[in-house]
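J.: test case, fold it:
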Amino acid sequence: REGGRGVSDAARRLGVEAEGFVKVDTGLGRVGVRHGKAADLIEHVAGLRGVDVAGVFSTLTEDPEFDRVQLERMVALKGELKRRGVLVSSWSLASSNAVFQFPESYLSAVRPGLMLYGLYPEPEDREVGLELRPVLAFRARVEHEKYIEAGESLTYSRRFVAPRRMRVGTLHVGYSDGFPRGLTNRGLVSVGGAVREVLGSVSVNHAVVDLEGTAALAGDVVDVVTRDGECTLERQAARAGIMGYQFCVGLNPLTPRVYLEGGVPVALSEPRLEGL
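T.: Numbers count the residues shown, from 1 in each chain. This next block holds a predicted model:
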């Protein structure tokens, strides 16, 4: 209630109407007003000058049986508010998981997260009939390339020892950029379409890869995540022992991003250069 009054006071001082969503805890237990107290709070906030309750949302536990209980609580809340004359236009409960597995929870809006990357929350979601296409690719440049002899080692703790003479390349990408450390000695990359192994440790901002049989030189671009093939985000995440979502959100916000439309670059985000 205090927060609502603060928003109301600020909106009136600025001469604007503040729109906001109210988070309701229907059972996940993280944040939000408890569902049993939500009607009183929303009625109070909706009555404040300068404040418009544009929507109400909650988050499912992704336990199939209990999710239905949460839906019942949201529907009951909506009915109680309507009985009191408080009309809220937007109601949201469904995440990516529910979009596939719980269509009854759609209400008036859904909140997909992982789906925005073109990824399926669970393997069985592929059978639902909703086709997704991966949209994210992750690339890095070869910073240095060289030959190493049999018995020479690479990276911290000598985690890779060459079994023979090899040509290797150091990529300027590491776990500070969002390329998981769990891909140490088990990650794959695509070098000009050829799949090659990560050799040794993924460090803060470097990873060493096998360049045998490729024409890659220093300065060339290597795909560390591809939209199809062996190096997709889902497969790399599985090799690293993490969720695909964890891989996505682990990408450093300072890493430059190129946005494509129809395969054509339409925007560039270069946070490291902004403000200079």
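J.: quick one, what contacts R165?
T.: Each residue near R165 by CB atoms under 8 Å, 6 or more residues apart in numbering is listed here: 147-150. Where you see a C-beta, it was placed from the backbone N, CA and C, and this is true even at glycine.
J.: if we use 10 Å, what do you get?
T.: Contact analysis of R165 by CB atoms under 10 Å, 6 or more residues apart in numbering lists 147-152, 212.
J.: go on, P253?
T.: Counting by CB under 10 Å, 6+ apart, P253 has contacts 178, 269, 271.
J.: for the protein, which helix is longest?
T.: Identified as the longest helix of the chain according to DSSP state H is helix 64-83.
J.: you'd agree F102 is up against S95?
T.: Yes - counting by CB atoms under 10 Å, F102 does reach S95; the two are 9.4 Å apart.
J.: what is in contact with those two at once?
T.: 60, 62.
J.: out of the contacts of R165, which is nearest to F66?
T.: Nearest to F66 among those: E212, at 52.1 Å, using CB to CB.
J.: go ahead and confirm the closest one touches R164.
T.: Yes - assessed by CB under 10 Å, E212 is found in contact with R164 at 9.3 Å.
J.: between these two, which one's more packed in?
T.: E212 (15 against 9; other CB atoms under 10 Å).
J.: how close does that one sit to P163?
T.: Going from E212 to P163 by CB to CB, to the nearest Å gives 12 Å.
J.: check V135 and give its pLDDT.
T.: V135 carries a pLDDT value of 93.
J.: go on, the one 3 residues further on?
T.: We note a pLDDT of 98 for F138 in this prediction.
J.: what's the answer for G200, then?
T.: Confidence for G200, expressed as pLDDT, is 98.
J.: likewise the one 10 residues further on?
T.: We note a pLDDT of 99 for D210 in this prediction.
J.: next one: E122
T.: 88.
J.: how about L273?
T.: 64.
J.: same deal with V204?
T.: The model's pLDDT for V204 equals 97.
J.: give me the neighbour count for it.
T.: Counted with other CB under 10 Å, V204 comes out at 9.
J.: still on that earlier bit, which ones among the contacts of R165 map onto helices?
T.: Per DSSP H, the contacts of R165 never map to helices.
J.: report the two of the residues you listed separated the most.
T.: G151 and E212 (16.7 Å).
J.: what about G4, which SS state?
T.: Put simply, G4 is helix when judged by DSSP: H, G, I helix; E, B strand; the rest coil.
J.: offset the numbering so it begins at 42, please.
T.: Sounds good: first residue 42 from here, last item G45.
J.: wait, doesn't it sit right on D81?
T.: No - judged on CB under 10 Å, G45 makes no contact with D81 at a distance of 11.7 Å.
J.: looking at the two, which has the bigger crowd around it?
T.: Between G45 and D81, G45 has the larger neighbour count (other CB under 10 Å), namely 20 against 13.
J.: so V307 sits in a strand?
T.: Yes - secondary structure of V307 (three-state DSSP): part of a strand.
J.: give the contact list for it.
T.: 299-301.
J.: how far away is it from G91?
T.: Counting by CB to CB - V307 and G91 are separated by 38 Å.
J.: backbone dihedrals for the residue nearest to T196 when sequence neighbours are not counted, please?
T.: Of all residues not flanking T196 in the chain, G241 sits nearest, at 3.3 Å (CB to CB, 6 or more residues apart in numbering). Main-chain torsions, G241, degrees, to the nearest 10: phi 80, psi -160.
J.: check contacts around G241.
T.: 194-202, 209, 225-226, 247-250.
J.: appreciated, that's everything.
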